[in-house]
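Asker: Below are the sequence and a predicted model; questions follow.
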Amino acid sequence: MNSNRMVVAQRGVIPPPKHYADSAWFKYILSCCAATTAEMVTYPLDLTKTRLQIQGEKGLNGNGIHHQPYRGLASTGVGIIREEGMLRLWQGVTPAVYRHLIYSGTRMVLYEKVRDHLFTRRADGTRPVWQAIVGGILVGGIAQFLASPADLIKVQMQMEGKRRLEGKPPRIHSAGEAFVKIYNAGGLRGLWKGCMPNVYRSAFVNLGDLTTYDSVKRYFVSSWGLSDNYWTHALSSACSGLVSAVLGCPADVVKARIMNQPTDIESKIPGTHKRGLLYRNSLDCLMKTIHNEGFWALYKGFIPCWLRMGPWSLTFWLTYEQIRNLSGTSAF
């Protein structure tokens, strides 16, 4: 009798455990942890890819228009280490991590919500691919729009080492300084410079990464009879990394050039923002790149892009699935 009263008393004092593992905020935290891990591991390839995409464009310096000498993947990476130091391979990693705290958390939570509540589920548990495509594009664009300022700061920080080697004055020394300078020069709108090519790129990359992973994984499990385990996750992420690179590389080139281009010093019209000296907008950058360097210039840096997206996707999905499993969260 007394033991029963103690149980009742304990039940009245101790609240029942909350089921937090499948909550949106907890999944958001898990996706940010996985994205940060993947970003730190593969960031040097991202910096190398950005340097490759910028080289070859017609630029302006004190002597007028000039062409930068071309370098390949290996020579670019070795050149950065030799000319700037090993740690420069992680220059700009801080805003890159900040970006994923917004981008990856938003896209993962939004996609899962859309998939589970709006997608049509077939009898075998699969969903129509076209719905996954639309969902991936939408959530990728929305997430990148929110994270675009951090991406802008990252790209400009990645190019600082190269500017100093060319004898140009440094523009920024830290992520905080970059944020303040960009805001003072163009206001809130200036923080979204290059936003549209960034949104387009992320929509396609998200289509390649998130949609491909989700669709391929479910196909392997339902049609091939594979278990939802480590090897299925690895195989699915390998497919998603390749598709992401193919779809996202052209928009990535345009995005990097728009974000890195110099601007005029003063605007003659009060209240207007600085104008780019090389490209008027994303379409102008796309057309000039093709006209001056050929169509395949849009795939500059494709190999490091693929080499980065592949390991990034592999690291992210394996980490994400494993920590979901360890935390008691249902599988993605």
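Answerer: Cool, the structure landed.

Asker: Could you count how many residues lie near Thr94?
Answerer: Other residues within reach of Thr94, judged by other Cβ atoms under 10 Å, total 16. Quick note: C-beta positions are derived from backbone N, CA and C, even for glycine.

Asker: Quickly find the element holding it.
Answerer: helix 93-118 (DSSP states H and E).

Asker: now swap in Thr120 and tell me
Answerer: Using DSSP H and E, Thr120 sits within no helix or strand.

Asker: Now for it: which residues touch it?
Answerer: Shown in contact with Thr120 (Cβ atoms under 8 Å, 6 or more residues apart in numbering): 127-128, 131.

Asker: how does it look with 6 Å?
Answerer: Thr120 makes contact with Pro128 under the criterion Cβ atoms under 6 Å, 6 or more residues apart in numbering.

Asker: Just the pLDDT for it.
Answerer: Thr120 is assigned 80 on the pLDDT scale.

Asker: now for the helix holding Thr94, which elements pack on it?
Answerer: helix 24-54, helix 129-158 (3 or more Cβ pairs under 6 Å, 6 or more residues apart in numbering; DSSP states H and E).

Asker: Mind putting those helices into CSV with distance to Ala234, mean pLDDT and mean neighbour count?
Answerer: Converted to CSV, the helices and strands packed on helix 93-118 look like this (distance: least, Cβ to Cβ, whole Å; pLDDT from 0 to 100; neighbours: other Cβ atoms under 10 Å):
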stretch, distance to Ala234, mean pLDDT, mean neighbour count
helix 24-54, 14, 88, 21
helix 129-158, 20, 87, 22
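
Asker: Let me have those helices in a markdown table, extended by distance to Tyr103.
Answerer: Below are those laid out as a markdown table (distance: least, Cβ to Cβ, whole Å):
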| stretch | distance to Tyr103 |
| --- | --- |
| helix 24-54 | 8 |
| helix 129-158 | 4 |
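
Asker: quick one: which of those helices is nearest Met309?
Answerer: Each of the helices and strands packed on helix 93-118 has some distance to Met309 by Cβ to Cβ; the shortest is helix 24-54, at 8.3 Å.

Asker: quick one: the closest one to chain centroid distance?
Answerer: How far helix 24-54 lies from its chain's middle: 7 Å, per Cα atoms, centre = their mean, to the nearest Å.

Asker: Ok, stretch 146-155 next?
Answerer: Computed by Cα atoms, centre = their mean, the chain-centroid distance of stretch 146-155 equals 10 Å.

Asker: Ok, stretch 112-132 next?
Answerer: With Cα atoms, centre = their mean, you get 24 Å for stretch 112-132.

Asker: about what we covered before: between the helices and strands packed on helix 93-118, which one is closest to Tyr200.
Answerer: Using Cβ to Cβ, the nearest of those to Tyr200 is helix 129-158, at 7.7 Å.

Asker: so Gly310 touches Val243, yeah?
Answerer: No. Using Cβ atoms under 6 Å, Gly310 makes no contact with Val243, being 10.5 Å away.

Asker: Spatially nearest residue to Ser148 (excluding sequence neighbours)?
Answerer: Spatial nearest neighbour of Ser148, chain neighbours left out: Cys195 (4.6 Å); criterion: Cβ to Cβ, 6 or more residues apart in numbering.

Asker: burial measure for the one you found, as a count.
Answerer: Cys195: 20 surrounding residues under other Cβ under 10 Å.

Asker: same question, Gly72
Answerer: Count around Gly72 with other Cβ under 10 Å applied: 11.

Asker: For Arg201, which residues are in contact?
Answerer: Counting by Cβ under 6 Å, 6+ apart, Arg201 has contacts 248, 251-252, 255.

Asker: residue boundaries of the strands in the protein?
Answerer: Here the chain has its strands, by DSSP state E, at 59-61, 64-66.

Asker: Tell me which of the helices and strands packed on helix 93-118 approaches Pro262 most closely.
Answerer: Nearest of the helices and strands packed on helix 93-118 (Cβ to Cβ): helix 129-158, 11.0 Å.

Asker: could you say what helices and strands that closest one packs with?
Answerer: By 3+ Cβ pairs under 6 Å, 6+ apart, helix 129-158 packs against helix 93-118, helix 175-190, helix 195-206, helix 212-223, helix 230-260.

Asker: of the contacts of Arg201, closest to Tyr20?
Answerer: Gly248 (33.9 Å).

Asker: my guess is that closest one meets Ala203, correct?
Answerer: No. Distance between Gly248 and Ala203: 9.0 Å, which falls outside the contact criterion (Cβ under 6 Å).
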